[in-house]
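Visitor: Attaching a predicted model along with its sequence, questions to come.
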Amino acid sequence: MTTRLMMKGPSLNAFLSVARKCPTVVTTSFSDAVDIIADKTKRKRKSESKNQPSKRLKKPERIEKYFKLEVSDPEGVEHAVATTGKGRADIPIDHLAVCERVHLPIDEGKVRQLALGMIERFEPTSIYLTVVPAVQEDFDPINLERNRYEVVHGRHRLSALKFLHQEGRMTSLPTLEGGTVTCYILGMSDEIGLNYLTLRGNDLAAKMVNKPSIHDLFYTLQGLSQIYSDQELVMKAITRYANLQKCSDAQKAALRSFSKWSKDALKKAKDVLVKYERFQLKDADDAVMKKHAREIKEGKKFICSSELFIGLARMPFNSFEENAEDILSEKLSLKEVVKSNNLKLERKKKEAKIVELAGFTSMENVRSLYPEKFTEDVIDKLPVQPQALSSASSLEKYTVCVFKGDTDTQSTAKELEVIDLEQDLDELRTLCVRARRKNVRELLKQDISSVEGKLAKLNPAAEVSDPYAFKLDKSVDESKTLKLEQDEKTEESKSQEDQQKLVGAAPGRRKPLQPVQDGAQADTMKVDQQRYRDFMRLLHKCSAENEQAQSMKIEFLRSFCAKLEEKNPFSNKEIDDCIDYMAKENKVMRSGDIVFMI
């Protein structure tokens, strides 16, 4: 191959002089030469970069890469640990001392806790220590027990043993009657290696320790139940185990419930828990796997929560057996099955309370009389616990109201939280404000349908034919009704005033409560402004003194006003007028005998 140099004059002479000083003989092919140059310059050929793009290692991959490099390095500290072993021996406690060349501090509180734990429950295998000779020159490789050593791993355990030895209590522990401790002897002497020994021991000890869990107690219960026919004997043993593991009363009650299950049900429950702790059930979704990625890599178990374990124990074993296959095949999650059972148990308690209050013999008789009042959906939403400022629960109030024939279903539903009316009203208020600001009628039409259904459920007697026209049944007391109707306006007469009326007709901006007149609007009310401001002050003070109450009964408000305003008390008519005036200004909303703060 002939290469023509396109250089002349001084440039050519300079190139030739450099070439004579640094000659390079190419004895390989052109492609191989390019590969060599690419390797030296850490560059890749274009053809290779297209077919095999280089990927940058992620953080976990880089960490694993460096770890493997250190482990396989023949000159590294890990290799030195494996090659400097001297043997194992039982060393007298007086020949052992904490290595001062290890720079990790000693935790005195941990030492005291270890000493106390050794007295309460001693485990001989937990005091295996790693030591190095205190003086390398005087080391006797034949009689290992005669040498003096420094402890590099197990320093806290040695300090606890020395503390007990000073008090004369160490020799009372099992396997320590002779005052000797089993040690593994290494021949390292440099401080770099000694400090690594301490870090290495702590790292391996943390990885190999799995704290006993409630799963382990269940596995033990299931195994003993297969061997012993006397379940009382098994339960006594399990209770003792649980006491030593410091389990709660609820967890011990759950184990007692499991002891009443059949052997087949216990076997299936064991299979479910084994798969659960290995992240092999539907409960281990993507979010759980991402959250516990490190535990999965380290081989740690996924233990179910105490609440889930107790809920599983509360299930009838035949009901669990019916769902066990679906759980194992990942058609259902364990949480879904337990949650469904808890809901059924809670519903049964509520139904029993309703039957007791109604004086009936069964829930079927109650539902036959009031089929729409005591559906499962309604019962599930009724809180059992008493509400604030009330001695009775919502369940009790609702049952009494239904059997007394209370027709004010809206106020009853709000008070008893059958439907979260306040949340619906907040949603409607937001929609109305947006509609008023943007002057968009269709906005309200699109979003009101979902709330419309809830309000219809609140008051089954209401006839809802149009989203903007709500007509209550005439059987409802007129003094407690709300005029919620408005005729459709023609396109030519639409104006800002019509839009305000439109917003006022929506359920979230109801008109002030007033007696319904024969096709005519009520006269404009007249309220003294000073009295009006005084009333608003009392109303806000009443709300603040009752934990920022967002709703209150009018009778309670009247008694509060009479108590605070003694010189010039408000009459019932003044209070009604002020409430109606505030409702007109969209500051409150009145439904029956309840006032809602806006």
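Guide: Arrived safely, thanks for sending.
Visitor: Let's see the pLDDT reported for the nearest residue to Ser259 once chain neighbours are set aside.
Guide: Distances taken as Cβ to Cβ, 6 or more residues apart in numbering place Met235 nearest to Ser259, at 4.9 Å, with adjacent residues excluded. (C-beta placed from N, C-alpha, C; glycine too.) As predicted, Met235 sits at a pLDDT of 91.
Visitor: do Lys404 as well
Guide: 70.
Visitor: Burial check on it, number of neighbours?
Guide: Lys404 is flanked by 8 other residues according to other Cβ atoms under 10 Å.
Visitor: low pLDDT regions in the stretch 201-350 of the chain?
Guide: Along the stretch 201-350 of the chain, the model assigns pLDDT under 70 to residues 208.
Visitor: Spell out the residue ranges of the helices in it.
Guide: 214-227, 231-244, 249-258, 263-277, 286-291, 293-297, 306-313, 317-328, 334-358 (DSSP state H, counting those that start in this stretch).
Visitor: As JSON lines, those helices with mean neighbour count and distance to Asp580 would be great.
Guide: Listed next are these as JSON lines, based on neighbours: other Cβ atoms under 10 Å; distance: least, Cβ to Cβ, whole Å:
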{"stretch": "helix 214-227", "mean neighbour count": "17", "distance to Asp580": "60"}
{"stretch": "helix 231-244", "mean neighbour count": "15", "distance to Asp580": "64"}
{"stretch": "helix 249-258", "mean neighbour count": "17", "distance to Asp580": "53"}
{"stretch": "helix 263-277", "mean neighbour count": "18", "distance to Asp580": "60"}
{"stretch": "helix 286-291", "mean neighbour count": "10", "distance to Asp580": "51"}
{"stretch": "helix 293-297", "mean neighbour count": "12", "distance to Asp580": "61"}
{"stretch": "helix 306-313", "mean neighbour count": "19", "distance to Asp580": "49"}
{"stretch": "helix 317-328", "mean neighbour count": "17", "distance to Asp580": "55"}
{"stretch": "helix 334-358", "mean neighbour count": "16", "distance to Asp580": "37"}
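Visitor: Among those helices, which comes closest to Glu64?
Guide: Between Glu64 and these, the tightest spacing by Cβ to Cβ is seen for helix 293-297, at 9.5 Å.
Visitor: how about the helices of the stretch 201-350 of the chain in a markdown table, adding distance to Ser159?
Guide: Formatted as a markdown table, these follow (distance: least, Cβ to Cβ, whole Å):
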| stretch | distance to Ser159 |
| --- | --- |
| helix 214-227 | 30 |
| helix 231-244 | 26 |
| helix 249-258 | 34 |
| helix 263-277 | 35 |
| helix 286-291 | 37 |
| helix 293-297 | 31 |
| helix 306-313 | 35 |
| helix 317-328 | 49 |
| helix 334-358 | 45 |
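Visitor: thinking again about what came up before, can you tell me which residues contact the residue nearest to Ser259?
Guide: By Cβ atoms under 8 Å, 6 or more residues apart in numbering, the contact set of Met235 is Leu255, Arg256, Ser259.
Visitor: between those, which is nearest Thr399?
Guide: Of the contacts of Met235, the one sitting nearest to Thr399 (Cβ to Cβ) turns out to be Arg256, at 33.7 Å.
Visitor: Can you lay out the contacts of Met235 as JSON lines showing distance to Gly109?
Guide: Output for those, formatted as JSON lines (distance: Cβ to Cβ, whole Å):
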{"residue": "Leu255", "distance to Gly109": "33"}
{"residue": "Arg256", "distance to Gly109": "37"}
{"residue": "Ser259", "distance to Gly109": "39"}
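Visitor: Show me which of those residues is closest to Leu164.
Guide: Among the contacts of Met235, and counting by Cβ to Cβ, the member closest to Leu164 is Leu255, at 34.6 Å.
Visitor: Assess the claim that the closest one and Leu221 are in contact.
Guide: Yes. Using Cβ atoms under 8 Å, Leu255 is in contact with Leu221, at 6.0 Å.
Visitor: Give the intersection of the neighbour lists for those two.
Guide: Ile238.
Visitor: Pull out the buried residues from stretch 84-96.
Guide: Neighbour counts using 16 or more other Cβ atoms under 10 Å place Lys86, Ala89, Ile91, Ile93, His95, Leu96 of stretch 84-96 among the buried residues.
Visitor: Quick one: mean pLDDT over that stretch.
Guide: On average, stretch 84-96 scores 91.
Visitor: Could you do stretch 548-558 as well?
Guide: Mean per-residue pLDDT for stretch 548-558: 82.
Visitor: Endpoint to endpoint, that stretch covers what distance?
Guide: In terms of Cα to Cα, to the nearest Å, the two terminal residues of stretch 548-558 are separated by 17 Å.
Visitor: Would you quantify the distance from Gln251 to Cys304?
Guide: Gln251 sits 12 Å away from Cys304, going by Cβ to Cβ, to the nearest Å.
Visitor: Now the common contact residues for these two.
Guide: Shared contacts of Gln251 and Cys304, counting by Cβ under 8 Å, 6+ apart, come down to Ile214.
Visitor: wait, doesn't Tyr278 sit right on Lys300?
Guide: One thing to correct before we go on: residue 278 is Arg, not Tyr. No. Using Cβ under 8 Å, Arg278 is not in contact with Lys300, being 10.5 Å away.
Visitor: got any residues that touch both of those two?
Guide: With Cβ under 8 Å, 6+ apart, Arg278 and Lys300 have no common neighbours.
Visitor: where do the strands sit along this protein?
Guide: 85-92, 96-98, 129-133, 149-153, 180-186, 463-466, 469-471, 551-553, 588-591, 594-597 (DSSP state E).
Visitor: which helices and strands does the last one pack with?
Guide: Using 3 or more Cβ pairs under 8 Å, 6 or more residues apart in numbering; DSSP states H and E as the contact definition, the elements that strand 594-597 packs against are helix 409-416, strand 551-553, helix 554-564, strand 588-591.
Visitor: swap the cut-off to 7 Å and go again
Guide: The contact analysis (3 or more Cβ pairs under 7 Å, 6 or more residues apart in numbering; DSSP states H and E) places strand 594-597 against strand 551-553, strand 588-591.
Visitor: strand partners of the shortest one, parallel vs antiparallel please.
Guide: With DSSP bridges as the test, strand 551-553 is paired with strand 594-597 (antiparallel).
Visitor: How about the longest one?
Guide: When sheet partners are counted by DSSP bridges, strand 588-591 sits next to strand 594-597 (antiparallel).
Visitor: now the strand it pairs with: mean pLDDT?
Guide: 81.
Visitor: follow-up on the earlier one: any chance of the buried residues of stretch 84-96 in a markdown table, with distance to Gly109 too?
Guide: Compiled in a markdown table, those are given as follows (distance: Cβ to Cβ, whole Å):
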| residue | distance to Gly109 |
| --- | --- |
| Lys86 | 33 |
| Ala89 | 31 |
| Ile91 | 26 |
| Ile93 | 22 |
| His95 | 27 |
| Leu96 | 22 |
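Visitor: Identify, from those residues, the entry nearest to Glu351.
Guide: Nearest to Glu351 out of the buried residues of stretch 84-96 is Ile93 (Cβ to Cβ; 67.9 Å).
Visitor: tell me the contacts of the closest one?
Guide: By Cβ atoms under 7 Å, 6 or more residues apart in numbering, the residues touching Ile93 are Leu161, Lys162, His165, Met170, Gly179, Thr180, Val181.
Visitor: so how far is Lys563 from the fifth one?
Guide: Right, the one you point to is Gly179. Relative to Lys563, Gly179 is positioned 81 Å away (Cβ to Cβ).
Visitor: How about the first one?
Guide: Summarising the geometry, the distance separating Leu161 from Lys563, computed by Cβ to Cβ, is 73 Å.
Visitor: Which one's more surrounded, these two?
Guide: For the pair Leu161 and Lys563, the greater number of neighbours falls to Leu161 (25 against 11), based on other Cβ under 10 Å.
Visitor: Distance check, the more buried one against Arg155.
Guide: 11 Å.
Visitor: got it, and Pro133?
Guide: Following Cβ to Cβ, the distance that separates Pro133 from Arg155 is 16 Å.
Visitor: before we move on, what about Glu351?
Guide: From Glu351 to Arg155 the distance is 63 Å (Cβ to Cβ).
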